[in-house]
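Okay, here's the prediction I keep looking at, along with the sequence it came from:
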Amino acid sequence: MEFIASAKAHDVGDGTIVALLRRNGWSERRVYREIAAYYAGILGSPVPKRSGDFGDARTAFYYLLNFLALGFWTVALGQIFYVLIAHAIADPVHTRYYDYYGTSSIRDQISWQLATVIVTFPLFAYVHRSIAKNLERRPDLYDSGVRTWLTYVALVIAACVVLTDAVWFLYQLIVGQLTLRFILDSIVLLVLGGGIFVYYLATIDGPERTSE
């Protein structure tokens, strides 16, 4: 970047350069990448990178555990809503489905799902918070290949859920079997899957993605 080269030629400190560029909308990560590129050009060798074998393995563990817990509690929560909706609204189109949910009490039907949410949601919240704190402490981890790949895999899965929901909803509309209970079930799936997709898409590049 010409600005950095010109500033360094006039003995401007790195801290001042970072502050000026940050004030003008540049992310800290990108500023330091540009400064590293400047020094690499001056010194004739790239800035050495810290060995990432252990760090990548730990990052993969945290993200896999995070997404696993996320999958467990969101699926269980969705099933709880499906049971509640099935008990509240009779569906004449899907009588077998209704009869299945009508054979036992609500408590019996959602006990397993409720236990799953109680166990996995706190785990998800703890791991997610640990990841967030680690990213705050080390913004360079936003550029981790392991983090990026695993997050995009989660995005693909969430996108498949949302697309399947949309296709099934349209199919039911075309064949004339669109009922209130089916609409509510679709909304539950859309909120859970769509919420996950929107959240991780917005945070995959960090809080300053728009400034880059």
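Nice, thanks for sending it over.

Let's verify V12: helix, strand, or coil?
Using DSSP: H, G, I helix; E, B strand; the rest coil, the secondary structure recorded for V12 is coil.

okay, P207: pLDDT?
Reported pLDDT at P207 in the predicted model: 60.

Show me the domain layout of this protein.
2-43, 54-211 (automatic domain parsing).

Now do the last one: distance to the chain's middle.
It stands for domain 54-211. Put simply, domain 54-211 sits 10 Å off its chain's centre (C-alpha atoms, centre = their mean, to the nearest Å).

before we move on, back to that, want to throw the domains of the chain into CSV with mean neighbour count?
Bear in mind the C-beta positions are built from the backbone N, C-alpha and C, glycine included. Shown next, in CSV, are these (neighbours: other C-beta atoms under 10 Å):
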stretch, mean neighbour count
domain 2-43, 14
domain 54-211, 15
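
Run the chain-centre distance for the helix ranked longest in the chain.
As assigned by DSSP state H, the longest helix anywhere in the chain is helix 53-88. Offset of helix 53-88 from its chain centre (C-alpha atoms, centre = their mean): 11 Å.

same for it, what does it pack against?
helix 95-101, helix 106-137, helix 145-174, helix 180-203 (3 or more C-beta pairs under 8 Å, 6 or more residues apart in numbering; DSSP states H and E).

Worst mean pLDDT among those?
Set side by side, the helices and strands packed on helix 53-88 differ in mean pLDDT, and helix 95-101 is lowest with a mean of 48.

and the gap between the residue positioned nearest the centre of the chain and I187?
Central residue check for the chain by C-alpha atoms, centre = their mean: the C-alpha nearest the mean position is that of Y200, 2.7 Å away. Distance, Y200 to I187, by C-beta to C-beta, to the nearest Å: 20 Å.

Kindly report the same for W168.
W168 is 13 Å from I187, by C-beta to C-beta.

Then V161?
From V161 to I187 the distance is 13 Å (C-beta to C-beta).

cool, and T120?
23 Å.

cool, D14 as well?
Distance from D14 to I187, by C-beta to C-beta: 52 Å.

now A40
A40 is 52 Å from I187, by C-beta to C-beta.

Same question for V175.
19 Å.

List the residues that contact Y82.
Applying C-beta atoms under 8 Å, 6 or more residues apart in numbering, one finds that Y82 lies in contact with 185, 188.

go with 6 Å
D185 (C-beta atoms under 6 Å, 6 or more residues apart in numbering).

What pLDDT is listed against it?
88.

what's the answer for S104, then?
Per-residue confidence (pLDDT) for S104: 60.

before we move on, the earlier item: and the angle from the longest helix of the chain to helix 106-137?
150 degrees (axes from the mean of the first three to the mean of the last three C-alpha atoms, to 10 degrees).

For the closest residue in space to Y152 that isn't next to it in sequence, give me the pLDDT.
Leaving aside its chain neighbours, Y152 sits nearest to I204 (7.3 Å; criterion: C-beta to C-beta, 6 or more residues apart in numbering). Per-residue pLDDT puts I204 at 82.
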